[in-house]
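Undergrad: Quick one, structure for this:
(one chain, ligands or ions: 1)
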Amino acid sequence: MGFKYHPKCKSQSIINLCFADDLFLFSHADMTSVKILNMMPFEEGKLPVRYLGVPLVSSRLLNRDCKLLMEMVRNRIFNWKSKFLSFAGRMQLISSVLVRCLLVNKQSLWVKWIHSYRLEDRSFWDVMVSPNASWSWGKLLHIRDFIKDHLIYKIGNGGNTSAWYDIWNDHGRLVNVLTRRNIIREGFNGNEMVCNIMHNGNFNWLATWLTEFPIPNNIDPPCLTNKDDDVLWKDLNGIVSEFSVYKVWETIRPRATCVPWFNVVWFKQCIPSHTFVVWLLMDTRLKTQDKLKDWERNPNNSLQCLMCNGQPDSHDHIFFECPFSAQLHMKFGQLAMMLDWYCSWKSTRDAFIPFAARNLYRMVVPKIVFAATVYFIW
Ligand SMILES: [Zn+2]
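TA: Numbering: from 1, shown residues only. As a prediction, this is how the structure comes out:
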């Protein structure tokens with residue numbers, strides 16, 4: 001009826017908007033075009049209506065029109081423990097989930113659109129990053145290096161797994177072994193799925209490949225079933241299991257080696273504000289005067305410990321050697337049965353470490369007392 005397809009949506013025959021369980025018919029505003037309303041039990045509506053919070057308007061959608069939907073998506077993303085991830089980490093998480101959708105949900109409208117206008121019959125793993133690629137598409141392509149070894153194919157009917165580009169056997173991508181040139185030269189087009197290279201339960205390998213390349217000989221033919229192929233996730237320990245956002249997060253979240261004094265600082269009963277200062281002390285990160293003196297421009301300004309005026313303070317002085325601190329430790333150390341440990345932060349730390357992981361009150365009380373003393377001295 002004279003409508004044009006939405007830009008770059010001709011192959012999906014999208015003229016406007018499609019939804020899972022609602023039908024919107026758009027027509028010219030004349031009697032001939034709307035006769036269908038009289039024939040079917042449809043109600044005539046008026047624009048704009050809202051769907052998923054987004055107004056359906058006949059003109060181009062603006063940023064403010066999508067604000068509500070963007071908020072919903074944003075909230076969902078922030079629920080992914082994203083407060084523990086950097087922006088780059090969140091980007092990896094979102095991109096990993098989208099790539100998995102791209103590989104599995106072939107019936108999705110978005111995936112069909114990507115295949116028509118972005119991939120154009122090429123494998124996702126093979127397509128080049130164009131300098132004109134959009135920001136979001138570029139991000140999906142750049143994540144490939146990171147996730148290529150984590151996405152593992154589980155063959156069902158073999159109809160959704162690229163024989164050459166996807167990892168579906170223990171030897172990795174066949175294109176890396178056989179090379180794309182060899183594959184094309186032997187009459188394949190590069191788009192074959194696993195089911196296309198099998199016949200009667202065995203592979204259709206070319207005789208020349210079997211003599212030239214050892215790997216095709218060593219691949220066990222998968223047993224094709226009626227189920228769709230699936231894409232699983234391989235974690236850092238090499239364990240392959242069902243794909244989930246949690247597992248991706250566990251794989252990409254930043255990790256550091258656990259310091260030996262971890263249990264001295266962090267324990268279930270700790271008081272967070274006290275623990276934070278102890279943490280900085282253990283790592284010698286407090287801005288004590290011995291560190292600040294290098295920044296002092298005026299040589300006449302002599303930095304002195306505020307409690308004894310004897311010398312510039314340092315981690316050892318302010319918490320252990322200073323007479324004022326020593327008195328505090330003497331007093332509270334006696335109460336907590338740990339008098340001998342207070343001579344330096346290093347000896348205190350080393351004395352705590354062997355027992356710190358135990359949750360006995362004889363260990364927990366000294367740690368709490370120590371942390372409180374350090375906090376109030378600082
Ligand atoms: Zn002092």
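Undergrad: So for Ala371, what's the nearest residue that isn't a sequence neighbour?
TA: Distances taken as C-beta to C-beta, 6 or more residues apart in numbering put His274 closest to Ala371, at 4.0 Å, once the chain neighbours are dropped. From N, CA and C alone the C-beta is placed, and that goes for glycine too.
Undergrad: tell me the mean pLDDT over the host helix or strand of that neighbour?
TA: Taking DSSP states H and E as the definition, one finds His274 inside helix 272-282. What helix 272-282 shows for mean pLDDT is 90.
Undergrad: Name the residues of it that are buried.
TA: Residues 274-275, 277-282 are the ones in helix 272-282 that count as buried (16 or more other C-beta atoms under 10 Å).
Undergrad: so who does Ser13 touch?
TA: Ser13 sits next to Tyr5 when contact means C-beta atoms under 8 Å, 6 or more residues apart in numbering.
Undergrad: OK, contacts around the residue nearest to Ala371?
TA: Contact partners of His274, counting by C-beta under 8 Å, 6+ apart, are 368, 371-372, 374-375.
Undergrad: Just give me the closest of the residues you listed to Ser344.
TA: Distance to Ser344 across the contacts of His274 (C-beta to C-beta) is lowest for Val374, with 12.9 Å.
Undergrad: Please report the number of neighbouring residues for that closest one.
TA: 25 (other C-beta atoms under 10 Å).
Undergrad: do Ala88 as well
TA: 10.
Undergrad: helices or strands next to whichever strand or helix holds Thr211 in the packing?
TA: Here Thr211, judged by DSSP H and E, is contained in helix 207-212. In this structure, helix 207-212 makes packing contacts with helix 215-218, judged by 3 or more C-beta pairs under 8 Å, 6 or more residues apart in numbering; DSSP states H and E.
Undergrad: In terms of secondary structure, what does the helix it packs on contact?
TA: By 3+ C-beta pairs under 8 Å, 6+ apart, helix 215-218 packs against helix 174-178, helix 207-212.
Undergrad: And the contacts of the shortest one?
TA: Read it as helix 174-178. Against helix 174-178 from outside (C-beta under 8 Å, 6+ apart): 126, 163-165, 171, 183, 209, 213, 215-216.
Undergrad: Quick check: Gln269 touching Val369?
TA: No. Applying C-beta atoms under 8 Å as the test, Gln269 and Val369 come out as separate, 11.7 Å apart.
Undergrad: So for these two, which sits in the more crowded spot?
TA: Neighbour totals were compared for Gln269 and Val369, and Val369 leads with 18 against 10 (other C-beta under 10 Å).
Undergrad: In this structure that one contacts His329, no?
TA: No. Using C-beta under 8 Å, Val369 is not in contact with His329; the gap is 9.5 Å.
Undergrad: Just the pLDDT for the closest residue to the ion within the stretch 151-300 of the chain.
TA: Nearest to the ion in the stretch 151-300 of the chain, going by C-beta to the ion, is Gln289, at a distance of 9.9 Å. Looking at Gln289, its pLDDT stands at 82.
Undergrad: domain ranges for this protein?
TA: With domains defined by automatic domain parsing, the chain comprises 1-56+64-79, 80-252, 262-377.
Undergrad: Determine how far the helix holding Thr211 lies from the middle of the whole chain.
TA: Here the centre of helix 207-212 is set off from its chain's centre by 41 Å, with C-alpha atoms, centre = their mean, to the nearest Å.
Undergrad: same thing with stretch 161-181?
TA: Stretch 161-181 has its C-alpha centroid displaced from the chain centroid by 26 Å (C-alpha atoms, centre = their mean).
Undergrad: If you count neighbours, what's buried in that stretch?
TA: Those buried within stretch 161-181 under the rule 16+ other C-beta under 10 Å are 161-169, 173-175, 177-178.
Undergrad: Would you reformat these as TSV and include pLDDT and distance to Phe262?
TA: Shown next, in TSV, are the buried residues of stretch 161-181 (pLDDT from 0 to 100; distance: C-beta to C-beta, whole Å):
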residue	pLDDT	distance to Phe262
Thr161	88	44
Ser162	87	45
Ala163	89	48
Trp164	89	47
Tyr165	87	43
Asp166	86	41
Ile167	84	37
Trp168	88	41
Asn169	86	41
Arg173	84	41
Leu174	88	45
Val175	87	45
Val177	85	45
Leu178	86	49
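Undergrad: Mind putting those into TSV with distance to Leu140?
TA: Shown next, in TSV, are the buried residues of stretch 161-181 (distance: C-beta to C-beta, whole Å):
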residue	distance to Leu140
Thr161	19
Ser162	17
Ala163	23
Trp164	20
Tyr165	15
Asp166	16
Ile167	18
Trp168	21
Asn169	25
Arg173	18
Leu174	23
Val175	20
Val177	26
Leu178	26
